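> can you look at this prediction? I've put the sequence above it.
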Amino acid sequence: MSKRLLSLWLVAVGLWGPAVAPAVGQGTITVVLPQPLGMGSDMLHSFFYPIDINGDGVVDFTFEAGVTGLSLRTERANRVVYRPDPPPDLGGLVARLEEGAQIGPSLEPSLGWRSSDLRDGYVSPGEWKFAAIAIHLSTGTASEWPSSPGARGFIGIGFELEDGWHYGYFDAILAAEGGGVLLGWAYN
């Protein structure tokens with residue numbers, strides 16, 4: 001999609017910030033946090049940041065900033081976009097998406113959908129299952145996000161409500177060393 005076409009599309013749907021295209025014919029709900037949510041660890045403890053995407057009182061995703069990096073738990077059957085590891089594909093890091101990426105039931109071939117529980121595909125309350133966004137160890141760092149101070153990007157998400165699957169993204173500034181700032185989210 002050309003930048004001019006993307007700009008016209010953004011104006012047409014009333015979004016002036018970064019966007020990820022929703023499914024055609026559906027409205028987009030955008031949440032811009034009045035105060036961006038800083039996520040980090042004190043290097044001794046993990047801190048959890050639960051997110052209720054649609055405001056129904058049920059946590060849909062939980063960010064975890066820990067000593068070894070930043071992760072995301074997909075509550076229940078919810079999913080996140082990731083970049084699969086080479087075969088035998090035993091996981092992979094949560095993908096950093098660029099502005100204009102298409103998020104829906106099907107993705108570009110280099111991406112996939114996953115639960116943070118790779119084995120069962122369902123995360124039960126209290127279950128310690130997280131998908132890594134950034135891993136930072138004394139031996140090195142693994143992430144699709146650049147080093148400090150980090151960069152703005154998007155994390156694709158899919159979550160299920162009574163009326164079916166909804167797709168969207170988290171808008172964040174994250175660093176490969178872990179931690180960052182959540183600016184908001186959007187979904188169709």
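Great, that's in hand.

> residue 177: what's it in contact with?
With CB atoms under 8 Å, 6 or more residues apart in numbering as the criterion, the residues that contact residue 177 are 69, 134, 136, 141, 147-148. Heads up, the C-betas are built off the backbone N, CA and C, glycines and all.

> strands along the chain, start to end?
With DSSP state E as the definition, the chain shows strands at residue ranges 29-39, 47-51, 61-66, 69-74, 79-82, 112-114, 131-137, 140-143, 151-161, 164-174, 180-187.

> thinking again about what came up before, and the contacts of residue 177, which are buried?
Buried members of these, scored by 16 or more other CB atoms under 10 Å, are 69, 134, 136.

> show me the beta-bridge partners of the second one.
The partner list for residue 134 in beta bridges (DSSP bridges) reads residue 70, residue 143.

> how far away is it from residue 96?
10 Å (CB to CB, to the nearest Å).

> which residues are common contacts for the two?
The overlap between the contact sets of residue 134 and residue 96 (CB under 8 Å, 6+ apart) consists of 143, 145, 174.

> residues in contact with the most centrally placed residue in the chain?
Geometric centre of the chain, nearest residue: residue 155, 2.8 Å, by CA atoms, centre = their mean. When contacts are counted by CB under 8 Å, 6+ apart, residue 155 touches 72, 80-81, 94-97, 133, 169-170, 172.

> and of the residues you listed, the nearest to residue 35?
Nearest to residue 35 among those, counting by CB to CB, is residue 172 at 14.3 Å.

> where does the closest one land on pLDDT?
Residue 172 carries a pLDDT value of 97.

> my guess is it meets residue 183, correct?
Yes. In this structure residue 172 lies within contact range of residue 183 using CB atoms under 8 Å: 6.2 Å.

> which one of the contacts of residue 155 is nearest residue 160?
Each of the contacts of residue 155 was checked against residue 160 using CB to CB; the closest is residue 80, at 13.2 Å.

> that closest one bridge partners, please.
Under the criterion used (DSSP bridges), residue 80 bridges to residue 114, residue 157.

> that one contacts residue 74, doesn't it?
Yes. Between residue 80 and residue 74 there is a contact under CB under 8 Å: 5.4 Å.

> settle it for me: which of those two has more neighbours?
residue 74 (26 against 23; other CB atoms under 10 Å).

> wait, the more buried one touches residue 127, no?
No. With the criterion set as CB under 8 Å, residue 74 and residue 127 do not qualify as a contacting pair; they are 10.6 Å apart.

> mind listing the shared neighbours of the two?
residue 117.

> give me the common contacts of residue 172 and residue 183.
Residues within reach of residue 172 and of residue 183 at once, by CB under 8 Å, 6+ apart, are residue 152.
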